[in-house]
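Chemist: The sequence isn't on hand, but the structure is:
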DNA sequence: CAGTTTATTTTGATCGATCTAATCATGCCT
DNA sequence: AGGCATGATTAGATCGATCAAAATAAACTG
């Protein structure tokens, strides 16, 4: 163990009182410059570091941010949270905060954990991910006046009231960009592989595709398929869509999992298309173009064009919003701030 | 915020002193049974939770375990740490500990962070991942008598001295199992795609393959290729190995990244093989079998047979070793304990 | 039944920082 | 020079728990 250096040790060496050391560090402006220097030199010399536990007792602030780590549910998209976590840890550290992890199997368990953590470690704030309709967690936190930010919009009906700070990535803007990219490449009949409607994220992403396609004069009706998230599901849905006689030459997908399945389907015989004509018959076949979402390692590995979420940025914004909340700079009259970031298209071989 | 409930509140309600409440919770055996019940009822009623900061000040124990979260370097193998982290968080919680994250770009930066954290948050222990030759970090922690466990063996020359607790997965046993699986399936000339020698993990995994192949009467010499970790690298190396006239019909790979590359190579024309004869000429071609390592989401997605590390188990063992260290149950005379787990082969289409 | 031992509970101090309020200098104004 | 606002520093209390030691109650012993 490192020998403990307390504020008293520093005070003794600098020849001042404990409080002056504290002031020199926390309210530099009320200490005489020369004294401040002397204190800082002593701090340096002894390698003093403020003890969080002691500070926390007095101030009630732990400088901890808690976040739940999820079991990477479907696997393929699991690394998204991982990258976000990394960004969060870095940004938090830059602002003098540390990240504390916890797990919970469902909303209720998570709320219980809130109570546990607040009683024991007193994190200053929470970051919630995977927000969804009728989220118990946000209600509880608001109710107990615990500061928090969500990574993900509040997808509830009363989102108009915008009752908490959030950061999100604009899925619709992403799929719109993907669709535009395909249109620019000469595609017209562009399909969409999504999740069953009802999930905020999924609906949002579909909307971006539909809007852009319609704007280009193509009716999106009938060009979309919904399925659960999985490679096999994606393959099946893509097959179904490509076999129909609609002349689909490209697919925008709500996730890399579905896109990967679509890629398999697209490479199965008889589903390619010929430039300049409709599908079927002719030379120089071109494979169906596919674009995924999330830019997971899988996408990189198989050359799948995909939409990349600016996760490090999102994390940084979360921390920024939190520090504003915590430092009380937030105007209580103003509605809570929020940030919407645009994903970027990473072009690879698949489109 | 939740209204604060202190040990004093509980004491008042239960009609005893603060210390008795503390005893009832921490040393139940020295409190009269009836009193204990009364205290527990009061605790329940008020929803009391011990304040870690206050406890930490007195006891010097924070009940925090710190671990570094790495930027998922190559991406494809990134989720391994993620899954380990999840397991660690769960196991730690079960033992009354929480996980604190930090980042660091290299060993030196990590050591600096040790000092920071120990001064400020006083984590009770560290869990180190990615141990390697000449690891600065273990030396520093040993030197400062900070409890820690590594996930990964000490790969140093003086590993004989086994100076710290560790948990690891037996890579050699894994590749041995993979090789045996291929032998059982009728393969004889089985190649290996690995990393350049010098990395403990890589050498270990190669060794399991070589040993098993030799035991089956096949000389592994010349059947292995070394390359950096990447899909393209793997494809190139696999091509090279398959094109040689050695008659390789299967490949064991040190990682899923390389295996994915190998899979691509194996599917390129002219590299299949015919059962019952050597490569080239004949009917009923069979693709080259490929086995990867780590069972990443990519493996699952593309149907790659791979070796799965028991990460949740490994994490649980890490916590178990730590609690033994921290609760002082470890016999100081005994050398530190360690655990070696076996990976399991997840068989999919590729082999 | 006094004298001890053992069981149970309580009192007071303490961990290391910060808050509040008090003290001690200075400079300025009339 | 006295009065006073301002600047700089310090003394003492405090956060909530646990430790060490003391106090009290109960049990046992000869």
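Modeler: Received it, and whenever you're ready, just let me know what you need. If you're wondering where the values come from, they're calculated on a predicted model, not measured in any experiment.
Chemist: burial count for the closest residue to residue A:151 other than its chain neighbours?
Modeler: Nearest residue to residue A:151 in three dimensions, chain neighbours excluded: residue A:129, at 4.9 Å (CB to CB, 6 or more residues apart in numbering or on different chains). (Each C-beta comes from the backbone N, C-alpha and C, glycine too.) For residue A:129, the count of nearby residues is 17 (other CB atoms under 10 Å in any protein chain shown).
Chemist: contacting residues for residue A:129?
Modeler: A:67, A:68, A:70, A:81, A:84, A:150, A:151, A:152 (CB atoms under 8 Å, 6 or more residues apart in numbering or on different chains).
Chemist: Over to residue A:100?
Modeler: Counting by CB under 8 Å, 6+ apart, residue A:100 makes contact with A:64, A:65, A:66, A:67, A:117, A:121, A:123, B:64, B:98, B:99, B:100, B:101.
Chemist: I'd like to know how far the closest residue to DNA strand D within the stretch 151-300 of chain A sits from residue A:156.
Modeler: Closest contact between the stretch 151-300 of chain A and DNA strand D, by CB to the nearest atom of the strand, is at residue A:164 (26.5 Å). Distance of residue A:164 to residue A:156, computed by CB to CB, to the nearest Å: 11 Å.
Chemist: higher neighbour count, those two?
Modeler: Neighbour count, other CB under 10 Å: between residue A:164 and residue A:156, residue A:164 has more, with 22 against 17.
Chemist: Check the more buried one and give its pLDDT.
Modeler: On pLDDT, residue A:164 comes in at 91.
Chemist: Tell me how far the residue of the stretch 51-200 of chain A found nearest DNA strand D lies from DNA strand C.
Modeler: DNA strand D sits closest to residue A:57 of the stretch 51-200 of chain A, with a gap of 3.4 Å, by CB to the nearest atom of the strand. Going from residue A:57 to DNA strand C by CB to the nearest atom of the strand, to the nearest Å gives 4 Å.
Chemist: what residues does the helix or strand harbouring that residue touch?
Modeler: Assigned by DSSP states H and E, residue A:57 falls within helix A:52-59. For helix A:52-59, the external contacting residues (CB under 8 Å, 6+ apart) are A:61-63, A:122, B:51-54, B:56-57, B:62, B:120-122.
Chemist: Max pairwise distance over those: which two?
Modeler: The largest separation in the contacts of helix A:52-59, counting by CB to CB, is between B:51 and B:120 at 17.6 Å.
Chemist: higher neighbour count, the two?
Modeler: Between residue B:51 and residue B:120, counted using other CB under 10 Å, the more crowded position is residue B:51 (20 against 17).
Chemist: How about the backbone phi and psi for residue A:103?
Modeler: Residue A:103 adopts backbone torsions of phi -120, psi 160, taken as degrees, to the nearest 10.
Chemist: and it, what pLDDT?
Modeler: In this model, residue A:103 is scored at 95, pLDDT.
Chemist: Where does the prediction get shaky in the stretch 51-200 of chain A?
Modeler: A:72-78, A:157-162 (pLDDT under 70).
Chemist: what residues does it put near DNA strand C?
Modeler: For the stretch 51-200 of chain A, the contact set with DNA strand C under CB under 7 Å from any atom of the strand comprises A:51, A:54, A:55, A:57, A:58, A:59.
Chemist: got a winner among those residues for most neighbours?
Modeler: Tallying neighbours with other CB under 10 Å puts residue A:51 at the head of these, with 20 neighbours.
Chemist: thinking it is in contact with residue A:6, fair?
Modeler: Yes - here residue A:51 reaches residue A:6: they are 7.3 Å apart, a contact under CB atoms under 8 Å.
Chemist: hmm, who's touching stretch A:174-182?
Modeler: Residues outside stretch A:174-182 that contact it (CB under 8 Å, 6+ apart): A:190, A:192, A:205-209, A:211-213, A:216, A:250, A:252, A:254, A:289, A:291, A:293, A:305, A:307, A:342-345, A:347, A:351.
Chemist: hang on, I meant stretch A:219-235
Modeler: A:74, A:76-77, A:189-197, A:206, A:209-210, A:213-214, A:236-238, A:240-241, A:244, A:246, A:248, A:253-255, A:257-262, A:264-265, B:301.
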